[in-house]
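A.B. asks: Fold the following for me, if possible:
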Amino acid sequence: MPVVLAVVLILAAFAAVLCVRAANVKPRRAVTPDASPVEVDGAGAAERLAQLVRIPTVSDYDESKVDDAQFETFRAALRAMYPAVHETCAPVLCGKTGLLYHWKGKSADAPTVLMAHYDVVPVEADKWAHPPFCGEVFDGELWGRGTLDTKITLLGILEAAEALLRDGFVPERDVYFAFGGDEEVNGHGAKDVIAELRRRGVVPGMVLDEGGAVVDGVFPGVKEPIAVVGIGEKGMMNVRLRAESAGGHASHPERPSALGMVCRAAADCESHPFPAHLTKPAKEMLATLAPHTPFGLRVVLANLWCFGPVLCAAAEKLGSELNAMLRTTAAFTMARGSKQINVLPAEAEVGVNLRLLNTETPDEAAAYLRRVIKNDRVTVDVEYAEPASPYASTDTEHWDKLASAAAGTWKGCLVSPYLMIACSDSRHYAGYCDDVYKFSAMHLTGEQRGLIHNHNERIPVSEIAKTVEFFTRFERML
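C.D. replies: Numbering: from 1, shown residues only. Take a look at the predicted model:
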């Protein structure tokens, strides 16, 4: 009986410690919203975005399909819309599409680079409810490819700068605007801009590119909107799983077939996902949100030293986005076998796209796939690999300015670090700038986020003004 009592007392004390820690959990880092007034020409900004959307700057992996004249038309439109910017910060064309503007501040030390891209992905016009480059407003929303990705952020950057320049504002440090025209095809625009910055001897203190947004309902129990700011970006890796067999007539199949082997390999990989990890972005996100969750969940989040392994084990049940923040993912996207249904393929393959945490190098990820597949007749061929980026800081003035501008624009929102699971041009700044952040300054529902690269892309007109407001607040701090 004394042993049982001792165990009960120990468990009670342990539970008390967990609850006390949960009750006393504090925000990870205090955010002071920028409360200064901002005047925005919302109607004018919406009309100018509409004009930019009407210019079909479609990039394509097949360069013969790219209409270079449309890209020059777009650049000419910027010159006409933003004369003060183009007079004071005259841009240079880097390579074929990269645009680099230089806004001189009071100091050239540790400048800020604000990024966007003006190319868009192709469209299937017959699947749109309205023409994809119409740039028209229906039911309070501006329709067209590029309204979300990312002509809106390019517009926000320039709208803010144009107004500030007209008011005689001079930033404390130099500011550069870096706009690429081939981001959607993993092109050279951003690399060409970086080469020009290096040629000038410029070392950025901070970079801001597309990425997170202000979102609702993405985390259990959190009622407030959350401005999620990417402090890192997953790497990308393309792999082919291949197998060979005798092939021949389908009337007398041999086993194992080439197609059967690669299908089993794919199934083995899907049933053995990469291990989950509580990375820096995940830990800091959970620490930020913990004070705003119901007490039961707060007990878990305030005591990750105890519940971290449980959280990792349950990652796949927490939703695809959160799961993708916690592990390297493998998505099977392509398959090839025979060209005819009654012919056995002599060779078969499946394609898999991996998004890497920086806990795994490309070589380690390939080795993991081989261990899981356990079939020497299936080869794991890496076609392309780019490692994950380092993490930006969240305890410097760079983060504080960004968080202050976001909290001041979307009143009542929480500002949280997160890990960007897609790719952006800003990944090329890895090793060149320590603090690279990813934040698309928009408040978007889940449905609206799903329109990126999809049919019927559109943005609420009211959100256009908020994007401009954010960049005005942010640029005033630089």
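A.B. asks: List the residue ranges of the protein that fall below the pLDDT cut-off.
C.D. replies: The chain contains residues with pLDDT under 70 at 1, 3-24, 314-319.
A.B. asks: per-domain residue ranges of it.
C.D. replies: Under the assignment automatic domain parsing, the domains of the chain span 42-232+391-476, 257-386.
A.B. asks: Distance to residue 245 added to those domains, as a markdown table?
C.D. replies: (Glycine included, C-beta is placed from N, CA and C.) Listed next are the domains of the chain as a markdown table, based on distance: least, CB to CB, whole Å:
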| stretch | distance to residue 245 |
| --- | --- |
| domain 42-232+391-476 | 32 |
| domain 257-386 | 4 |
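A.B. asks: which one of these is the most hemmed in?
C.D. replies: Neighbour counts (mean count of other CB atoms under 10 Å) averaged over each of the domains of the chain peak at domain 42-232+391-476, with a mean of 20.
A.B. asks: first vs last residue of it, how far apart are they?
C.D. replies: End-to-end distance for domain 42-232+391-476: 18 Å, by CA to CA, to the nearest Å.
A.B. asks: same question, stretch 438-455
C.D. replies: By CA to CA, the extent of stretch 438-455 from end to end equals 24 Å.
A.B. asks: Show me the one of the domains of the chain that comes nearest residue 238.
C.D. replies: domain 257-386 (4.4 Å; CB to CB).
A.B. asks: three-state assignment of residue 36?
C.D. replies: With DSSP: H, G, I helix; E, B strand; the rest coil as the basis, the three-state label of residue 36 is coil.
A.B. asks: how close does it sit to residue 243?
C.D. replies: When distance is defined by CB to CB, to the nearest Å, residue 36 is 63 Å away from residue 243.
A.B. asks: what about those two, which has more around it?
C.D. replies: A direct count of neighbours by other CB atoms under 10 Å for residue 36 and residue 243 places residue 243 higher, at 24 against 10.
A.B. asks: Quick check: chain neighbours aside, which residue is closest to the more buried one?
C.D. replies: Spatial nearest neighbour of residue 243, excluding adjacent residues (CB to CB, 6 or more residues apart in numbering): residue 261 at 3.9 Å.
A.B. asks: can you give me the strands in the stretch 1-150 of the chain?
C.D. replies: Secondary structure of the stretch 1-150 of the chain by DSSP state E, counting those that start in this stretch: the strands cover 92-94, 98-103, 107-117, 137-138, 141-143.
A.B. asks: chain center to the longest one, what's the gap?
C.D. replies: Think strand 107-117. 19 Å (CA atoms, centre = their mean, to the nearest Å).
A.B. asks: hmm, back to that, mind checking which of the strands of the stretch 1-150 of the chain is nearest residue 210?
C.D. replies: Between residue 210 and these, the shortest gap by CB to CB is with strand 107-117, which sits at 6.7 Å.
A.B. asks: what's near enough to touch residue 167?
C.D. replies: By CB atoms under 8 Å, 6 or more residues apart in numbering, residue 167 lies in contact with nothing.
A.B. asks: separation between it and residue 260?
C.D. replies: Taking CB to CB, one finds residue 167 at 68 Å from residue 260.
A.B. asks: Likewise for residue 454?
C.D. replies: Note on residue 454: its distance to residue 260, by CB to CB, is 34 Å.
A.B. asks: Dump the C-alpha coordinates for stretch 323-332 into PDB.
C.D. replies: C-alpha atoms of stretch 323-332 as PDB (Å, rounded to 0.1, in the frame of the first residue of the first chain):
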ATOM      1  CA  ASN A 323       2.400  17.400 -40.800                       C
ATOM      2  CA  ALA A 324       4.500  18.800 -43.700                       C
ATOM      3  CA  MET A 325       6.100  21.200 -41.200                       C
ATOM      4  CA  LEU A 326       7.300  18.400 -39.100                       C
ATOM      5  CA  ARG A 327       8.700  15.900 -41.600                       C
ATOM      6  CA  THR A 328      10.300  15.400 -45.000                       C
ATOM      7  CA  THR A 329       7.400  14.500 -47.300                       C
ATOM      8  CA  ALA A 330       7.300  12.300 -50.400                       C
ATOM      9  CA  ALA A 331       4.600  12.800 -53.000                       C
ATOM     10  CA  PHE A 332       4.200  10.400 -55.800                       C
END
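A.B. asks: which residues sit against it?
C.D. replies: 234, 266, 269-270, 273-279, 281-282, 285, 312, 315-316, 350-357, 359-360, 365, 369, 418-419, 421.
A.B. asks: 7 Å instead?
C.D. replies: 266, 269, 273-278, 281-282, 312, 315-316, 350, 352-357, 360, 365, 418-419, 421 (CB atoms under 7 Å, 6 or more residues apart in numbering).
A.B. asks: Take those and keep only those in strands.
C.D. replies: Among these, the residues falling in strands (DSSP state E) are 350, 352-356, 418-419.
A.B. asks: which residues of the stretch 201-350 of the chain fall in strands?
C.D. replies: So, for the stretch 201-350 of the chain - with DSSP E, counting those that start in this stretch - the strands run 206-215, 226-233, 235-244, 248-249, 329-336, 343-344, 347-356.
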